[in-house]
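Asks: predicted model, plus sequence, below.
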Amino acid sequence: MTRDDTLAGVRSRLIDTDRLETHVLESGGRSETVGTDGTVVFLHGNVSSSRFFEDVIADLPPRYRAIAPDLRGYGDSEPKAVDATNGLGDFEGDLRALLADLEPDPPLTLVGWSNGGGVAMRYTIDNPDAIDSLVLINPLSPYGFGGTKDLEGTPCFDDYAGSGGGLGNDEFVAGLADRDRSEGGESSPRKVLRTYYVNPTHEFDPEREESYLTGMLDTATGDENYPGDATPSENWPGVAPGETGVNNAVSPKYCSLESITEIDPDQKPPITWIRGASDQIVSNESLFDAGTLGEMGAMPDWPGEDIFPPQPMVDQTRAVLESYADAGGQFEEVVFGNTGHTPHLEVPGEFLDRLETVLEG
């Protein structure tokens, strides 16, 4: 379905491709009086939707065409199953089909947040000649989420135990399925939004908070979507990745994005890596990582730092991007202080200034 409650200047529509019925938010672009200086595609993260970029595309100068799709299983897009064995391939294929239909005007910039950053990297790896610049906001590590222990992404266990769909929080998943809008419970969707998506000191505009919460609740749950299925393991903490669902798609068993360094130097787009210094979701000690939780005593029988340390997610990303630069590319790391997992919501003015700097080239 399309939305009738969008911000001024933002349009909502459904695009039916041969892969997926995709809901998109759009702004700017061609008109009789306004040309276009290129297209910006915004890719949201896990348990969210295009609503998390709506404020940005409403404020983006109209000379840019902005496109923000709801990915498979999120928002108002079709909740098709996610084949995790191809990593983020389903999302990348859906995006390729969507852009073929929309025919974006060059130059094309991809902006990927969290898991959407992983999708953006996968798309760039497969279609390097199509991308003019890449912006990664608190992105998924190039080695996936969970279960690795060093800058090279070495798995803690051969079966990648400690990552994937079995690590989902049952109370949180139930809250999504029940469309719980309450303020109670440590793992309620609203509590998670206020505590982890942003720096906990951040105060939302009440109306916008309701929209973001809706964007979380519009997540398809179950073994085929979020969080995904699981496989029993003899290794700690007793579960390994299954084969379907988004959390398995970002497991290091299937998600491998470090080959971005191997793109031909003539095709490597410049990368701007933006992150919040207080991010609790994608960090060197993520509160959503089994290694961190084990170290804190929140998950019993932790085998210790030598076997299963917290995943150094930020350091892994930096190491891969430094290799990207050494191989002929370029990147810039931008850190916003007192900012959590969503700089585009927490410091929108600073974020938009940085994005416009990228777009102006």
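Replies: Cool, the structure landed.
Asks: in the stretch 151-300 of the chain, mark out all the strands, start to finish.
Replies: Taking DSSP state E, counting those that start in this stretch as the criterion, the stretch 151-300 of the chain carries its strands at 221-222, 226-227, 230-232, 239-241, 271-276.
Asks: return the most buried member of those strands.
Replies: Neighbour counts (mean count of other CB atoms under 10 Å) averaged over each of the strands of the stretch 151-300 of the chain peak at strand 239-241, with a mean of 27. For every residue, glycine as well, the C-beta is placed using N, CA and C.
Asks: any idea how far that one is from the chain center?
Replies: Chain-centre distance of strand 239-241: 21 Å, with CA atoms, centre = their mean, to the nearest Å.
Asks: repeat for stretch 117-124
Replies: Offset of stretch 117-124 from its chain centre (CA atoms, centre = their mean): 9 Å.
Asks: quick one: contacts of it?
Replies: Identification of contacts with stretch 117-124 by CB atoms under 8 Å, 6 or more residues apart in numbering yields 43, 45, 71, 87-89, 91-92, 95-96, 110-112, 130-131, 134-140, 142, 144, 250, 255, 257, 260, 263, 269.
Asks: take those residues and keep only those in helices.
Replies: Those of the contacts of stretch 117-124 mapping onto helices are 89, 91-92, 95-96, per DSSP state H.
Asks: out of these, which are buried?
Replies: Those of the ones in helices among the contacts of stretch 117-124 that meet the buried threshold are 89, 91-92, 95, by 16 or more other CB atoms under 10 Å.
Asks: in CSV: the ones in helices among the contacts of stretch 117-124, plus distance to S27 and pLDDT.
Replies: CSV is the format used below for those (distance: CB to CB, whole Å; pLDDT from 0 to 100):
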residue, distance to S27, pLDDT
G89, 29, 98
F91, 22, 98
E92, 24, 98
L95, 18, 98
R96, 22, 98
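Asks: quick one: which of the residues you listed is nearest Y64?
Replies: Nearest to Y64 among the ones in helices among the contacts of stretch 117-124 is L95, at 18.3 Å by CB to CB.
Asks: for the closest one, give its distance to D126.
Replies: Distance, L95 to D126, using CB to CB, to the nearest Å: 10 Å.
Asks: strands of the stretch 1-150 of the chain, residue ranges please.
Replies: With DSSP E, counting those that start in this stretch, the ranges of strands along the stretch 1-150 of the chain come out as 11-16, 21-27, 39-43, 65-69, 108-113, 133-137.
Asks: quick one: strands adjacent to the third one?
Replies: Take DSSP bridges as the rule and strand 39-43 pairs in its sheet with strand 65-69 (parallel), strand 108-113 (parallel).
Asks: what helix or strand is T357 on?
Replies: In this assignment (DSSP states H and E), T357 forms part of helix 348-360.
Asks: so where's this structure shaky on pLDDT?
Replies: Within the chain, the segments meeting pLDDT under 70 span 30-35.
Asks: swap the cut-off to 50 and go again
Replies: Scanning the chain for pLDDT under 50 picks out the ranges 32-34.
Asks: can you tell me which of the ones in helices among the contacts of stretch 117-124 is nearest E210?
Replies: Taking CB to CB as the measure, E210 lies nearest F91 of the ones in helices among the contacts of stretch 117-124, at 26.5 Å.
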